[in-house]
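J.: A predicted structure for the sequence below; I have some questions about it.
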Amino acid sequence: MSKRQISLRGKDILGLETMTVPEIELILATAQEMKSVIDRDIKKVPTLRGKSIVNLFFEASTRTRTSFELAGKYLGADVVNITASASSVTKGESLRDTLYTVEAMGVDIIVMRHSADGAAQYAAKVAKPVIVNAGDGAHEHPTQGLLDMFSIKEKKGNLAGLKVAIIGDILHSRVARSNIWGLQKMGAEVHLAGPKTLMPRDIEQTGVYVHNRVEDALDGADVVNVLRIQRERQHKGLFPSAREYARIFGINQTRLELAKPDALIMHPGPMNRGLEISPDVAYGDQSVIQEQVKNGLAVRMAVLFLVLMGGKDIETTA
Ligand code: CP
């Protein structure tokens, strides 16, 4: 361990593939402090007073958009939401012109979700405000990866040496990619299982273990992260039927018993209950799904604070 000054001031948060270990550690440590603000009776602090944040969402969201909005408001910033379907995008305005329009209003941060892989990188290239990627296509969802790591660390104390099983629709999952990059950087072992048609080709090159049988991924796992089947991104049938998927890959109590007795059950949400996860597992004693949502707020507060206000000395393993 060594003490280093780490800062994220002015940095775009685009993905965990390019984020360093000390930067991840800084965000997780800051999120821990932010969590105490959420638990207060009066949640508002003036840290970002006078700053402005626009949530620019081209895709649907409940958790990410709401938590970014609350995160900004709890920190005292002015927050505005733009939903593409109710904006001038419907009149043909391009992404570039939408970004320029928001920029012209003197906004400090644009939090953006978009269906295209690489949209956040593009936004960072053309727009002056700090860009925070709230999910770009099947590419990355960095704050989800960070909140997942925060939730695991909170329960297990550490990430290094853990076996994390990620189950389901890996192909379409930006959550899986951010988890894969982040968890491996922090020393965890990542095991994937899902239908072959929902497994990206060459994903082993990232360092993960890929299993054909879900049971092999679950065997002795410390964490089981179940992914949503993303029907909206599947333009052809990639598995025979919902019933067949649930039978072969669904996480139910019997399958969960293959993991360690104290294994955590996670899901980024929204869930297809009864398809990728059974209701008793989703709401069982091992589930931390509700805590993931709360931790998402703390992590997003940390990210907004750090990109505008800087960083601090932290003990880092890197
Ligand atoms: N996990 C996640 O991104 O959820 P939302 O789509 O509701 O934001």
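T.: On my side now, so go ahead.

J.: residue with max distance from the center of the protein?
T.: The outermost residue of the chain relative to its centre, with distances by C-alpha atoms, centre = their mean, is residue 91 at 30.8 Å.

J.: Could you report the separation of it from the ligand?
T.: The gap separating residue 91 from the ligand is 25 Å, by C-beta to the nearest ligand atom, to the nearest Å. (C-beta placed from N, C-alpha, C; glycine too.)

J.: Also residue 151?
T.: Distance from residue 151 to the ligand, by C-beta to the nearest ligand atom: 12 Å.

J.: How about residue 263?
T.: 20 Å.

J.: how many other residues sit next to that residue?
T.: Using other C-beta atoms under 10 Å, residue 263 has 22 other residues around it.

J.: give me the element the closest residue to the ligand within the stretch 101-250 of the chain is part of.
T.: Residue nearest to the ligand within the stretch 101-250 of the chain: residue 144 (5.4 Å; C-beta to the nearest ligand atom). Taking DSSP states H and E as the criterion, the element that holds residue 144 is helix 142-156.

J.: Now the element after that helix, going C-ward?
T.: Downstream of helix 142-156, the first helix or strand assigned by DSSP H and E is strand 163-167.

J.: Extract the CA atoms of that next one and return them as CSV.
T.: Taking C-alpha atoms only, strand 163-167 is exported to CSV below (Å, rounded to 0.1, in the frame of the first residue of the first chain):
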residue,chain,number,x,y,z
LYS,A,163,-14.9,-15.9,-7.6
VAL,A,164,-17.6,-13.8,-9.4
ALA,A,165,-20.0,-15.7,-11.7
ILE,A,166,-21.8,-13.6,-14.3
ILE,A,167,-24.7,-15.5,-15.8
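
J.: Where does the closest residue to residue 98 other than its chain neighbours sit: helix, strand or coil?
T.: Residue nearest to residue 98 in three dimensions, not counting chain neighbours: residue 89, with 6.1 Å by C-beta to C-beta, 6 or more residues apart in numbering. Classification of residue 89 using DSSP: H, G, I helix; E, B strand; the rest coil returns helix.

J.: how about the helix holding residue 144: buried residues?
T.: Along helix 142-156, these residues count as buried under the neighbour rule (16 or more other C-beta atoms under 10 Å): 142-154, 156.

J.: Nearest to residue 203, out of those residues: which one, please.
T.: Sorting the buried residues of helix 142-156 by how near they are to residue 203, with C-beta to C-beta, puts residue 145 at the top with 15.7 Å.

J.: mind checking pLDDT for that closest one?
T.: Looking at residue 145, its pLDDT is 98.

J.: Quick check: nearest residue in space to it, chain neighbours excluded?
T.: Spatial nearest neighbour of residue 145, chain neighbours left out: residue 178 (3.0 Å); criterion: C-beta to C-beta, 6+ apart.

J.: before we move on, back to that, where's the residue of the stretch 101-250 of the chain closest to the ligand relative to residue 175, distance?
T.: Residue 144 sits 5 Å away from residue 175, taking C-beta to C-beta, to the nearest Å as the criterion.

J.: Make sure residue 131 is indeed in a strand.
T.: Yes: with three-state DSSP as the criterion, residue 131 is assigned to a strand.

J.: List the contacts of it.
T.: By C-beta atoms under 8 Å, 6 or more residues apart in numbering, residue 131 lies in contact with 12, 13, 14, 109, 110, 112, 120, 123, 124.

J.: between the residues you listed, which is closest to residue 207?
T.: For the contacts of residue 131, the nearest to residue 207 is residue 14 (20.4 Å; C-beta to C-beta).
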